[in-house]
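S.K.: Compute the structure for the input listed below.
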Amino acid sequence: MTLFVHLFARLSALLIGLILASSAVPAIAQIDDDSGASAVGAGSAPAAVITDDQRGAERQQRTLRQDQLAGRRPPPFGSELFQNNTAASAEGVSDPNYVIQPGDVVSVTTYGLVNETASLVVDPEGNIALPNVGPVQIAGTRAADVDSVVGAAASQVYQSTVQVYATVANAGEIQVFVTGPVLRPGGHTATSQASAIGFLQNAGGIDPDRGSYRHIIIRRNGETMASIDLYDFLLNGDLAAVDLRNGDVIVVGQQGPVVSVSGDARAPYTFEFANLAATGAELLQYSRPRPEVTHVSILGTRDGVPFNAYVTREEFAMMALADGDRVQYEADAPSGTFIVRVMGAHDGPSAYVVQRGDYLGPLLARIPLDVLADVPMIHLERQSIAETQRVLLQENLARLERAIYTAPSTSAASAQARAAQASALGEFIQRARLVEPRGLVAFPDDADLNGVLLEPDDVIVIPYINQTVVVAGEVELPQTLLWTPGNDARDYVRRAGGFTNLANRSDTLVIHPDGSVQRGGAVRAGDRILVPPKAPGQTLQFIRDITQVFAQVGIAAAAVFR
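M.R.: Numbers count the residues shown, from 1 in each chain. Have a look, this model is predicted:
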């Protein structure tokens with residue numbers, strides 16, 4: 001069992017080495033094993049050069065449409081209104097057009113022969129009780145006109161020796177009830193100048209699965225005072241002018257027909273339609289697809305039967321949509337050109353536009369190379385090969401996982417050892433699932449690059465010249481050594497202290513900067529030497545299986561043109 005644990009630790013070093021064979025070139029790669037040694041990866045360059053190498057290294061992210069696959073709809077259009085639900089403040093009034101309502105507070109100051117200040121509350125009848133004057137009708141007056149209205153009333157009693165100044169001190173608080181599909185229904189208190197949207201925010205917002213953004217009414221004493229369609233506000237800034245009063249009720253209706261939008265849209269939301277009949281043209285107006293969109297896919301239900309369609313943008317505009325439809329915009333026009341990116345030791349742009357059917361050789365002739373370019377190790381990262389490698393990797397990991405748990409045991413001790421191995425190997429498999437192949441394509445020395453067709457998303461990698469050799473795995477002193485002409489793999493292993501007792505000497509791997517791999521033999525500058533472990537007994541088959549799994553990533557690309 002101790003032997004297996006040690007083998008497993010060494011196998012982790014093998015994992016790192018094989019990942020290096022499918023990772024970025026050039027890059028600074030740290031190789032760690034149980035000796036604590038570290039090394040610089042074969043494709044590395046001086047720090048000043050690394051900065052230049054990073055030009056164009058970022059790759060375009062694949063657009064994943066996970067909402068439809070996972071059955072989740074995007075948020076409702078307008079949901080941003082309710083992301084920060086804060087109560088409306090009751091402090092002061094700064095809007096000169098604010099209309100005074102019962103409950104507001106008016107500050108009145110007299111000066112001259114009479115000097116006093118009073119804060120007067122507007123009563124339910126709309127009056128304030130002005131000292132020495134009596135009731136003054138103030139409700140319905142604009143905030144900017146309060147001073148003149150109060151001054152005119154005071155002038156009926158006071159002579160010119162007493163001056164009056166009046167202003168709105170505070171908007172009074174009112175309680176409005178919010179009901180229907182909201183997150184916190186019930187009574188909510190805010191200033192009398194708060195809007196219906198403010199009270200909806202205080203109520204936590206409209207329930208995204210049940211509530212309507214299109215059908216909201218305000219009721220007072222059993223009568224409907226106004227209807228609100230939030231789309232009018234969201235699209236045009238229009239909001240029904242309703243002065244809310246104490247005891248009003250805001251009723252949110254039940255959600256109407258909805259259609260979800262994903263893909264290349266400026267507004268990828270779930271949209272609600274005011275009427276049962278909705279058209280693609282209306283949805284196009286709401287969701288604003290990007291100019292490159294040419295086709296639309298529709299997934300839904302018609303008369304209880306699943307419905308699918310894939311139509312042009314023009315055809316979609318005339319289609320009738322149904323409640324629950326999911327719409328995805330696609331840029332599906334064929335293009336005669338595509339972009340190939342370049343990274344590494346070059347002095348030109350990081351991307352080139354090529355025609356379909358163009359070849360690698362002529363493009364390489366257009367790329368100005370850096371004086372430190374390792375020309376023989378130029379290779380491709382190809383997305384189509386990375387996808388194939390990813391599938392192979394996952395299939396082999398699944399097969400290995402089945403083998404671990406279904407392998408027969410000959411004795412109780414064997415079964416116990418196998419259970420311990422299964423746990424460790426299971427953890428190893430989970431780590432291995434995270435490996436992302438890069439689809440490295442290496443070329444043999446006699447390859448005719450003028451016959452290599454380019455593909456969309458290709459990346460041409462031009463490594464920097466490197467004068468070191470990394471030695472890792474089952475050697476006594478893993479380290480980085482200066483490349484010496486004429487030395488082969490065994491010479492470098494000898495300089496690294498020789499093989500350990502667990503070394504699989506016949507399977508020593510030499511990994512070149514272009515990702516290609518050979519067993520032993522000649523070593524060139526920039527190579528990495530990896531010595532895998534050997535394993536006796538029943539563990540051997542698992543080690544072989546794991547090595548085969550990572551060979552799908554580290555070696556398969558090297559054989560594409562062989």
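S.K.: Any regions of the stretch 351-500 of the chain where pLDDT drops low?
M.R.: The stretch 351-500 of the chain contains residues with pLDDT under 70 at 407-418, 420-421.
S.K.: Quick one: the helices in it, in order.
M.R.: Assigned by DSSP state H, counting those that start in this stretch, the helices in the stretch 351-500 of the chain fall at 360-366, 383-406, 412-432, 489-495.
S.K.: try the stretch 51-200 of the chain
M.R.: For the stretch 51-200 of the chain, the helices defined by DSSP H, counting those that start in this stretch occupy 66-70, 146-154, 196-202.
S.K.: Relative to Pro102, which of the ones you listed is closest?
M.R.: Closest of those to Pro102 is helix 146-154, at 14.5 Å (criterion: CB to CB). (Each C-beta comes from the backbone N, C-alpha and C, glycine too.)
S.K.: on contacts alone, who are the packing partners of that closest one?
M.R.: The elements that helix 146-154 packs onto, with contact taken as 3 or more CB pairs under 8 Å, 6 or more residues apart in numbering; DSSP states H and E, are strand 105-112, strand 127-130, strand 134-137, strand 162-170.
S.K.: Counting by contacts, list what the third one packs against.
M.R.: Secondary structure elements in contact with strand 134-137, counted by 3+ CB pairs under 8 Å, 6+ apart, are strand 127-130, helix 146-154.
S.K.: Starting from the first one, tell me which strands it pairs with and how they run.
M.R.: If I follow you right, that is strand 127-130. Strand pairing for strand 127-130, using DSSP bridges, gives strand 134-137 (antiparallel).
S.K.: hang on, the earlier thing: what's the most buried one of the helices of the stretch 51-200 of the chain?
M.R.: helix 196-202 (a mean of 22; mean count of other CB atoms under 10 Å).
S.K.: mind listing what's buried in whatever helix or strand comes next after it?
M.R.: If you walk from helix 196-202 toward the C-terminus, the next helix or strand you reach (DSSP states H and E) is strand 211-220. Residues of strand 211-220 classed as buried: Gly211, Ser212, Tyr213, Arg214, His215, Ile216, Ile217, Ile218, Arg219 (neighbour count, 16 or more other CB atoms under 10 Å).
S.K.: Not counting sequence-adjacent ones, nearest residue to the fourth one?
M.R.: Put plainly, it is Arg214. Closest residue to Arg214 apart from its sequence neighbours, by CB to CB, 6 or more residues apart in numbering: Ala274 at 4.7 Å.
S.K.: follow-up on the earlier one: next, format the helices and strands packed on strand 134-137 as JSON lines and append mean pLDDT and distance to Ala432.
M.R.: As requested, these are exported to JSON lines (pLDDT from 0 to 100; distance: least, CB to CB, whole Å):
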{"stretch": "strand 127-130", "mean pLDDT": "89", "distance to Ala432": "78"}
{"stretch": "helix 146-154", "mean pLDDT": "87", "distance to Ala432": "75"}
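S.K.: Turn the ones you listed into JSON lines, columns for distance to Glu330.
M.R.: Converted to JSON lines, the helices and strands packed on strand 134-137 look like this (distance: least, CB to CB, whole Å):
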{"stretch": "strand 127-130", "distance to Glu330": "64"}
{"stretch": "helix 146-154", "distance to Glu330": "59"}
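S.K.: Out of the ones you listed, flag the one nearest Pro76.
M.R.: Of all the helices and strands packed on strand 134-137, helix 146-154 comes closest under CB to CB, at 40.5 Å.
S.K.: and that closest one, how far out from the chain's middle?
M.R.: Taking the mean of its C-alpha atoms, helix 146-154 sits 59 Å from the chain's own mean (CA atoms, centre = their mean, to the nearest Å).
S.K.: same deal with stretch 373-389?
M.R.: Relative to its parent chain, stretch 373-389 has a centroid offset of 27 Å by CA atoms, centre = their mean.
S.K.: Report the buried residues of it.
M.R.: Neighbour-count burial for stretch 373-389 [16+ other CB under 10 Å]: 373-374, 377-383, 385-386, 388-389.
S.K.: Quick check: the farthest pair among those residues?
M.R.: Ala373 and Thr388 (28.5 Å).
S.K.: ok, how many other residues are close to Thr480?
M.R.: 19 (other CB atoms under 10 Å).
S.K.: and if you look at Arg341?
M.R.: Arg341 has 20 neighbours, counted by other CB under 10 Å.
S.K.: where are the low-confidence patches of the stretch 151-300 of the chain?
M.R.: Across the stretch 151-300 of the chain, residues meeting the criterion (pLDDT under 70) sit at 172.
S.K.: Now for the residue nearest to Arg214: which residues touch it?
M.R.: By CB atoms under 8 Å, 6 or more residues apart in numbering, Ala274 lies in contact with Arg214, His215, Asp229, Tyr231, Gly256.
S.K.: Give the closest residue to the third one in space, chain neighbours not counted.
M.R.: To tie it back to what came earlier, the one meant is Asp229. Once flanking residues are discounted, Asp229 sits nearest to Arg214: 5.1 Å by CB to CB, 6+ apart.
S.K.: which residue sits closest to Met318, ignoring its sequence neighbours?
M.R.: In space, and not counting its chain neighbours, Met318 is closest to Gly280: 6.6 Å by CB to CB, 6+ apart.
S.K.: got it, and Pro257?
M.R.: Per CB to CB, 6+ apart, closest to Pro257 is Asp323, 3.7 Å.
S.K.: now swap in Gln156 and tell me
M.R.: Leaving out its chain neighbours, the residue that sits closest to Gln156 by CB to CB, 6+ apart is Val133, at 7.2 Å.
S.K.: isn't that neighbour right next to Ala152, touching?
M.R.: No: shown here, Val133 and Ala152 do not form a contact pair, counting by CB atoms under 8 Å, at 10.6 Å.
S.K.: got any residues that touch both of the two?
M.R.: By CB under 8 Å, 6+ apart, no residue touches both Val133 and Ala152.
S.K.: And the nearest residue to Pro124 once chain neighbours are set aside, how far from Asp303?
M.R.: Leaving aside its sequence neighbours, Pro124 sits nearest to Pro102 (CB to CB, 6+ apart; 5.0 Å). From Pro102 across to Asp303, the span is 55 Å (CB to CB, to the nearest Å).
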